[in-house]
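Enquirer: Quick one: sequence plus predicted model below, questions after.
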Amino acid sequence: MNAQAVQLLDTTRETAESALLARARAGDGEALELLVRRYLKDVYAVTARLLNDRELAQDAAQDALVNALNGLGRFRGDASFRTWLMRIAVNAARSVGRRKTRRREVSLDVVAESPADLPDAAALAGRKDDAARAVALLEKLPEKQRMAVMLRTQQGLNYQEIGAVLDCSEGAARVNYHLGVKRLRELMK
Amino acid sequence: MMKLNCEYVRDVYPDALHGRMEPELAQRVREHVATCEDCAAECALIAALHSHTSELPAALEARVIAAVQQPKRRTFLRPAHLAMAATVAVALIGGAVLFEVQQPNDAPRQAPVAKGAMHVGNVGVDATMLSGKASLDDLSVEQLEKLLGEMES
């Protein structure tokens, strides 16, 4: 496929998505369902990576999609819908994390990075799959590095989009990504 | 054709994996990775992360679809907001009552009533009705309208 064909495909996708969003904005149940089916996996990947807790990640993913799809009027189209949605997913995960913190009097950072929640060496040694091991080791990175690596490698976002999702500059997103990858390589040795 | 350097290749490798790069350039990136040991090690890690797919928990999709299709929540009716509105209403009503109590000698704003009748608020009502011997049915349309107007004001 040449560059022109790729561009044409992108334009066609954007047009189809705009039409779908317009239907969802008007309350079309089928359009809302299609959007959930299309984006839930990405949203859940973000909330799960931030919260490191299956139940809370599900709650946050639901909150994110309900808030986003009930508030489609706020989507101005400055970024792609997917980027906008991921930003909402990050906020929903942080909000759920804060509620959890208040309940358990444990900070989100401690929860995400406490040794008890991290894969220990023995557990990691048992993982033969490099991908699973790399994903498990992501938890050892600071939040912004972890999220930048995840959004770049698993979601395919560019640095500008990562900056929009994590509320930082494009340059900071790039630095966080490369620092994260560098640290992950050291951990993988 | 200019040779790609390692820094550039590692920076854009995820774009090549996700098809967000012109195919010709993606091919050159892959060729570089094939001949550079250090880039190959880093790109293998990136490819491993890219290949990892986490499964959605069962029933989450159905749960979220049901949630987004419910009518929009009216956020201004949250309990905290209702409590605030109730507090303001009580303060206003209490203030109005106090204002009325503190002005007992003000000139009456009552409409003239016939002999043998008395006032309920600003509306003249027969004493028989107040004694329980009459009901609202006994009021004239005009009296009912006046009473209703006062209740609504």
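Expert: Everything's here; your move. Numbering: from 1, shown residues only, chains lettered A, B, ... in the order given.

Enquirer: only C-alpha atoms for contact and neighbour calcs from this point on.
Expert: Fine.

Enquirer: Nearest residue to the middle of chain A?
Expert: Chain A has A:Val46 as the residue nearest its centroid, 2.7 Å off, counting by Cα atoms, centre = their mean.

Enquirer: Packing partners of the helix or strand hosting it?
Expert: Element membership for A:Val46 (DSSP states H and E) is helix A:29-51. On a contact count with 3 or more Cα pairs under 8 Å, 6 or more residues apart in numbering or on different chains; DSSP states H and E, helix A:29-51 meets helix A:3-25, helix A:54-70, helix A:81-104, helix A:108-113, helix A:143-153, helix B:60-68.

Enquirer: returning to what we had before: model confidence at the residue nearest to the centre of chain A, what's the number?
Expert: We note a pLDDT of 94 for A:Val46 in this prediction.

Enquirer: wait, it sits on A:Met86?
Expert: Yes - here A:Val46 reaches A:Met86: they are 7.2 Å apart, a contact under Cα atoms under 8 Å.

Enquirer: how many other residues sit next to B:Gln70?
Expert: 11 (other Cα atoms under 10 Å in any protein chain shown).

Enquirer: Can you tell me the SS state at it?
Expert: Following DSSP: H, G, I helix; E, B strand; the rest coil, we place B:Gln70 in the coil state.

Enquirer: how much space between it and A:Glu33?
Expert: For B:Gln70, the distance to A:Glu33 (Cα to Cα, to the nearest Å) stands at 12 Å.

Enquirer: Minimum distance to A:Ala164: which of the helices and strands packed on helix A:29-51 has it?
Expert: helix A:81-104 (7.0 Å; Cα to Cα).

Enquirer: Could you dump the helices and strands packed on helix A:29-51 into TSV with mean pLDDT added?
Expert: Listed next are those as TSV, based on pLDDT from 0 to 100:
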stretch	mean pLDDT
helix A:3-25	79
helix A:54-70	95
helix A:81-104	89
helix A:108-113	42
helix A:143-153	95
helix B:60-68	96
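
Enquirer: how about the ones you listed in JSON lines, adding mean neighbour count?
Expert: Shown next, in JSON lines, are the helices and strands packed on helix A:29-51 (neighbours: other Cα atoms under 10 Å in any protein chain shown):
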{"stretch": "helix A:3-25", "mean neighbour count": "14"}
{"stretch": "helix A:54-70", "mean neighbour count": "22"}
{"stretch": "helix A:81-104", "mean neighbour count": "19"}
{"stretch": "helix A:108-113", "mean neighbour count": "17"}
{"stretch": "helix A:143-153", "mean neighbour count": "24"}
{"stretch": "helix B:60-68", "mean neighbour count": "17"}
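
Enquirer: how about A:Asp78, secondary structure?
Expert: Per three-state DSSP, A:Asp78 ends up coil.

Enquirer: how about the helix holding A:Val46: buried residues?
Expert: Buried positions in helix A:29-51, judged by neighbour count with 16 or more other Cα atoms under 10 Å in any protein chain shown: A:29, A:31-33, A:35-36, A:40-51.

Enquirer: Then stretch B:41-52?
Expert: Neighbour-count burial for stretch B:41-52 [16+ other Cα under 10 Å]: B:42-43, B:45-50, B:52.

Enquirer: Now do it: everything it contacts.
Expert: A:130-132, A:134-135, A:150, A:153-154, A:181, A:185, B:10, B:13-14, B:17, B:33 (Cα atoms under 8 Å, 6 or more residues apart in numbering or on different chains).

Enquirer: and with 7 Å instead?
Expert: A:130-132, A:134-135, A:153-154, B:10, B:13 (Cα atoms under 7 Å, 6 or more residues apart in numbering or on different chains).

Enquirer: for stretch A:65-74, same thing?
Expert: A:25, A:85, A:88, B:67-68, B:72.

Enquirer: out of those residues, which one sits closest to B:Ala58?
Expert: Using Cα to Cα, these come closest to B:Ala58 at B:Ala67, 15.7 Å.

Enquirer: Please name the nearest non-neighbouring residue to the closest one.
Expert: A:Val66 (6.6 Å; Cα to Cα, 6 or more residues apart in numbering or on different chains).

Enquirer: Quick check: that neighbour vs B:Val88, distance?
Expert: Counting by Cα to Cα - A:Val66 and B:Val88 are separated by 32 Å.

Enquirer: Flag every residue of chain B that's near chain A.
Expert: B:14-15, B:18, B:22-23, B:46, B:48-50, B:52, B:56, B:64-65, B:67-69, B:72 (Cα under 7 Å from any Cα of the partner chain).
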